[in-house]
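# Sequence first, predicted coordinates after that:
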Amino acid sequence: MQAKLSTMFQSLRVRNYRLFATGQLVKLIGVWMMFIAQDWLVLELSDNSATALGVVTALQFTPVLLLTLLSGRLADRYDKRMLLFVANAFWTVLALGMSLLVLTGLVELWHVFAFAALLGIANAVETPVRQAFVSELVGTTLLPNALSLNAAVFNSARIIGPAVAGLAIAAFDVGPVFLFTAVSSVAPLANVVRMRPAELYRKELPPLGERDSAKIIDGLRYVRSRPDLLLPMVVMSVIGMSLFNFQLTLAALAKTVFHTGAASFGLFSTALAVGALVGALAGTGRRSRPSVWLVLGAAVGCAVFGTLVGLAPAYWLVVTLLLPTGFFMVFFAQAANQRVQLGTDAAFRGRVMALWVLVFLGTNPVGAPIIGWVAETFGAGASIWMGGLISLATALLALTWQLRRSGARLRFRVLPMPRFYVVSRTGLLTPSGR
């Protein structure tokens, strides 16, 4: 067990990564608390409108759609550490301003809309830079472990944040939650300053003169010429748009279907996050690039359980099903992320990860208003299971395409233990997860 734990958390031995991870954990706890408070505030200001929630989500992610590719170019040209500092400083100022509006009672619905859009700008710059910066913190050898730990940090905050936010809103209202978000966002700023630039892994990067000529179109052409990168991005774009809207759908499900309070809504998010944390930790032992079969198998699992969540008739059953849904959601997203990152040349990593962030988060402005309208018209449960079925169809189509392209066949064995296998062209039987 000691050896297993040592392997699971080995990236934390690197000082720069340790500073990065701890700063992110503190900030993300505050961010997830703020998301819960923001959704609850929107419902209060809009008379429980799921459409208003969809608009807020769309505004929050529209800058990602518009600016992320530009941010990827910046990441390939300039110091990622400095870009992270600037983006996080912008986030801190915005969170402080919003907390003052809420605490003074002056907040209106349009303030929340504007706040969501401005935070989206900070996210559009920070997220692809942060994704690409991880390889400079630990190097290629520890990159799979560091990426899995990033997901574990994200989902640890996702467990703690909503649970604390639900209790805090019930006890103190939403104002103090926004204030805590502003204070917690100082942590990554301080830790970025404390990092040692001399210990960053930047040897693989091209000279500065070559980086200055980095173009967005070159990154797009690079991905288009790589089917192994393009396939997980396409699958992620559809699943991200149709199913990964739990921030919106779970709030509507809790308030309009099961008629629960803020604390019970927080339990939905916490259950999803517990499963997600296990899914993130499950990938920490990975040492090489995940196979396409692992990515597509996890996508199918995510879609199946997501569909079941939308069809569940009882509150306790939703909470139970959110555990495996969270597991497969993050296991799929992390495996796809690792497949893209570990298959990308260092000179293109910023632009490729910007495109990844675009398909992972940038589809929300398209999907969120539609999902919100479906939730308001047909019910929150329908908005979830419809997205699940669309995701399942996409994953199965991608699996069929990959099987035909590779000439492989899918087989199922019962003994010695039930599992799927992929039979390659050579006739060798290989586990579908490797």
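The structure has been received and is ready for your questions.
# What separation is there between residue 42 and residue 385?
According to C-beta to C-beta, to the nearest Å, residue 42 stands 24 Å off from residue 385. No exception for glycine: its C-beta is placed from N, CA and C like everyone else's.
# Please say which of those two ends up with more neighbours.
residue 42 (24 against 18; other C-beta atoms under 10 Å).
# Tell me how far that one lies from residue 156.
Residue 42 is 26 Å from residue 156, by C-beta to C-beta.
# How about residue 75?
25 Å.
# And residue 243, by the same measure?
Relative to residue 156, and taking C-beta to C-beta, residue 243 is found at 22 Å.
# Among these two, which residue is more densely surrounded?
A direct count of neighbours by other C-beta under 10 Å for residue 243 and residue 156 places residue 243 higher, at 30 against 21.
# Dihedrals phi and psi, that one?
phi -120, psi -30 (degrees, to the nearest 10).
# I'd assumed residue 385 was in contact with it.
No - between residue 243 and residue 385 there is no contact under C-beta atoms under 8 Å: 9.7 Å.
# which residues do the two both contact?
residue 306 (C-beta atoms under 8 Å, 6 or more residues apart in numbering).
# secondary structure class for residue 410?
Classification of residue 410 by DSSP: H, G, I helix; E, B strand; the rest coil places it in strand.
# my read: it touches residue 403, true?
Yes - using C-beta under 8 Å, residue 410 is in contact with residue 403, at 6.2 Å.
# From what I see, residue 352 and residue 224 are in contact.
No - Residue 352 lies out of contact with residue 224 (C-beta under 8 Å); the separation is 11.3 Å.
# More neighbours: which of the two?
Under the neighbour definition other C-beta under 10 Å, residue 352 and residue 224 were set side by side, and residue 352 has more, 27 against 10.
# Tell me the predicted confidence for the closest residue to the more buried one other than its chain neighbours.
Nearest in space to residue 352, with sequence neighbours left out and distances taken as C-beta to C-beta, 6 or more residues apart in numbering, is residue 344 at 4.6 Å. According to the per-residue confidence, residue 344 scores 81 in pLDDT.
# Please apply the same query to the one 5 residues further on.
We have a pLDDT of 76 for residue 349.
# again with residue 332
Confidence score, pLDDT, at residue 332: 92.
# What's the local residue count around residue 404?
By other C-beta under 10 Å, the residues close to residue 404 number 9.
# If we ignore the residues flanking it in sequence, what's nearest residue 389?
That would be residue 307: by C-beta to C-beta, 6+ apart, it lies 5.8 Å from residue 389.
# how close does the one you found sit to residue 337?
23 Å.
# For the two, work out which one has more neighbours and name it.
Taking neighbours as other C-beta under 10 Å, residue 307 and residue 337 compare with residue 337 leading, 26 against 22.
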